[in-house]
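Peer 1: Have a look; sequence and predicted model below, questions after that.
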Amino acid sequence: MAFVEMYVTQTCAWCVRAKRLLASKGIHHVEEIDVSFDRLPMMERTDGRLSVPQIFIDDVHVGGYDDLAALARSGKLDEMLKPQ
């Protein structure tokens with residue numbers, strides 16, 4: 001399976017939704033990086049984005065929950081999650 005990383009905060013409902021969507025696709029482990037107190041590392045990696053979640057699949061920046069959901073609707077998420 002693909003390696004998924006997600007920048008999150010402790011109170012992020014969109015982060016929970018993203019994890020549920022990924023679980024529905026068979027991804028039951030997401031490497032969570034809590035940026036509740038320091039978003040600078042996330043901002044450096046995402047060209048300045050402040051919102052969470054910020055999701056990476058195999059080191060490719062997907063974006064936030066809306067971006068992830070759009071990939072799922074288009075069928076492209078399944079391709080990204082296939083083992084390499």
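Peer 2: That came through fine.

Peer 1: so which strand or helix has the residue nearest to the spatial centre of the chain?
Peer 2: Taking C-alpha atoms, centre = their mean as the criterion, residue 55 is the residue nearest the geometric centre of the chain, at 2.3 Å. With elements delineated by DSSP states H and E, residue 55 resides in strand 54-57, which encompasses its position.

Peer 1: Give the pairing partners of that strand; include direction for each.
Peer 2: Pairing partners of strand 54-57, with direction, according to DSSP bridges: strand 4-8 (antiparallel), strand 60-63 (antiparallel).

Peer 1: My guess is residue 61 contacts residue 42. True?
Peer 2: No: counting by C-beta atoms under 8 Å, residue 61 sits too far from residue 42 to count as a contact (10.4 Å). (Each C-beta comes from the backbone N, C-alpha and C, glycine too.)

Peer 1: could I have the helix or strand hosting residue 68 exported to PDB, CA atoms only?
Peer 2: Here residue 68, judged by DSSP H and E, is contained in helix 65-74. Once side chains and other backbone atoms are set aside, the C-alpha atoms of helix 65-74 remain, and they are given as PDB (Å, rounded to 0.1, in the frame of the first residue of the first chain):
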ATOM      1  CA  TYR A  65      -9.700  17.000   2.400                       C
ATOM      2  CA  ASP A  66     -11.600  18.600  -0.600                       C
ATOM      3  CA  ASP A  67      -8.700  17.700  -2.900                       C
ATOM      4  CA  LEU A  68      -8.600  14.100  -1.500                       C
ATOM      5  CA  ALA A  69     -12.400  13.800  -2.000                       C
ATOM      6  CA  ALA A  70     -12.100  15.100  -5.600                       C
ATOM      7  CA  LEU A  71      -9.400  12.500  -6.300                       C
ATOM      8  CA  ALA A  72     -11.700   9.800  -4.900                       C
ATOM      9  CA  ARG A  73     -14.600  10.900  -7.000                       C
ATOM     10  CA  SER A  74     -12.500  10.900 -10.200                       C
END
